[in-house]
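[1] just need the structure, nothing else, for what follows:
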Amino acid sequence: MFQLISDGGCDFTKDEAQQHNIDIVPFYITFDQETHLKEGIDISKETFFKRLQEEKKLFPKTAQPNPQDYVDACIQYLETGRDIIILTISSKNSGSYNSAVIAAGMLKEDFPDRTITVLDSLNGSMGQGLILKEMIKMRDAGYSITETAAVAEEVIKTTKIYFTLDTVEYLRKGGRVGPTTALVGGILGLRPVLHLVNGTVEQFDSVRGKKKVMQLIEEGVVAALQGEMDNVSLVVGHILREEDITLLKTNLEATLGTKIDAPVEVGATIGTHIGPGAVAVAYCRKFETFKK
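    I've put the predicted structure just below:
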């Protein structure tokens with residue numbers, strides 16, 4: 001059996017990671033560009049979002065795990081003869097993938113007989129988490145590391161995430177969205193629906209008002225997944241929008257005739273770039289739909 005490792009972009013809780021025997025390599029959060037805190041170790045997401053709510057002009061930044069962080073996470077498994085797959089947040093939005101690739105190259109010098117595979121999720125948060133869950137299922141079903149990596153690449157191609165925000169300022173400050181989208185949201189008062197296209201954040205649509213934007217997301221997901229739920233994994237998530245996400249979850253369950261797991265509470269790494277008030281839906285095809 002091989003070891004699965006992910007960076008903190010997957011938004012797994014500590015309990016989830018422990019339950020599924022996953023190692024998480026955290027991102028760094030900084031409020032002052034000098035002190036860097038590891039998410040989930042030096043700072044909790046509750047503390048992080050409390051600060052954002054209390055300090056409206058605060059725009060923190062993230063730093064990706066460095067190669068040594070990945071080396072430290074991997075070496076214990078390599079020393080016991082275990083191979084490794086590392087899954088990272090989209091390389092279009094972070095240097096985490098590059099750090100993992102550098103670390104893999106460093107480790108191969110000392111462990112030439114071991115396989116260290118690095119996969120770019122081209123996604124983040126719940127989307128990355130869905131991919132990781134499909135990989136866990138494959139590992140537990142007895143797939144080899146080669147088979148798991150190959151099928152995971154196919155799952156990645158089918159993974160979609162759509163989200164709306166209270167403000168695009170966090171994305172703009174972090175350079176994750178173009179000035180046109182920020183202008184539309186700021187001046188015209190429209191609420192954007194954003195998605196990831198080949199790992200890059202793009203605007204899907206925009207409407208005026210929270211009720212209409214939630215309706216747009218719900219209708220879009222239903223149109224895409226109606227009659228497909230046996231083949232698809234679906235998850236919803238949010239940042240400090242429990243009432244909104246509960247309603248969306250209830251509506252989707254009723255319309256699609258399926259049960260959806262408890263909403264993901266998006267963490268500080270992603271929250272740094274989207275801020276409080278986000279609501280999101282992600283889905284992917286199940287690994288079983290791809291022939292082994």
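[2] SS state for T167?
    When classified by DSSP: H, G, I helix; E, B strand; the rest coil, T167 comes out as coil.
[3] quick check: it touching A278?
    No: here T167 lies out of contact with A278, judged by Cβ atoms under 8 Å, at a distance of 9.8 Å. Bear in mind the C-beta positions are built from the backbone N, C-alpha and C, glycine included.
[4] quick one: which of the two has more around it?
    Neighbour totals were compared for T167 and A278, and A278 leads with 25 against 17 (other Cβ atoms under 10 Å).
[5] where do the strands sit along the stretch 101-250 of the chain?
    Secondary structure of the stretch 101-250 of the chain (DSSP state E, counting those that start in this stretch): strands at 116-120, 160-164, 191-197, 200-207, 232-238.
[6] could you give the average pLDDT over the longest one?
    For strand 200-207, mean pLDDT is 87.
[7] which strands and helices sit next to that strand?
    Counting contacts by 3 or more Cβ pairs under 8 Å, 6 or more residues apart in numbering; DSSP states H and E, strand 200-207 packs against helix 179-187, strand 191-197, helix 210-225.
[8] same check, this time on the first one
    For strand 116-120, the packing partners by 3+ Cβ pairs under 8 Å, 6+ apart come out as strand 84-88, helix 96-110, helix 145-158.
[9] look up the closest residue to the spatially most central residue of the chain, ignoring the ones flanking it.
    Note on the chain: the residue nearest the mean C-alpha position is S125, at 1.7 Å, using Cα atoms, centre = their mean. Leaving aside its chain neighbours, S125 sits nearest to I270 (4.5 Å; criterion: Cβ to Cβ, 6 or more residues apart in numbering).
[10] out of the helices and strands packed on strand 116-120, deepest packed?
    Mean neighbours per residue, mean count of other Cβ atoms under 10 Å, is largest over the helices and strands packed on strand 116-120 for strand 84-88, with a mean of 27.
[11] hang on, the earlier thing: so which of the helices and strands packed on strand 116-120 gets nearest F287?
    Nearest of the helices and strands packed on strand 116-120 to F287, taken as Cβ to Cβ: helix 145-158 at 5.3 Å.
[12] how far does the closest one sit from the chain's center?
    Averaging C-alpha positions (Cα atoms, centre = their mean, to the nearest Å) puts helix 145-158 17 Å from its chain's average.
[13] what packs against that helix?
    With contacts taken as 3+ Cβ pairs under 8 Å, 6+ apart, helix 145-158 sits against strand 84-88, strand 116-120, helix 125-140, strand 279-285.
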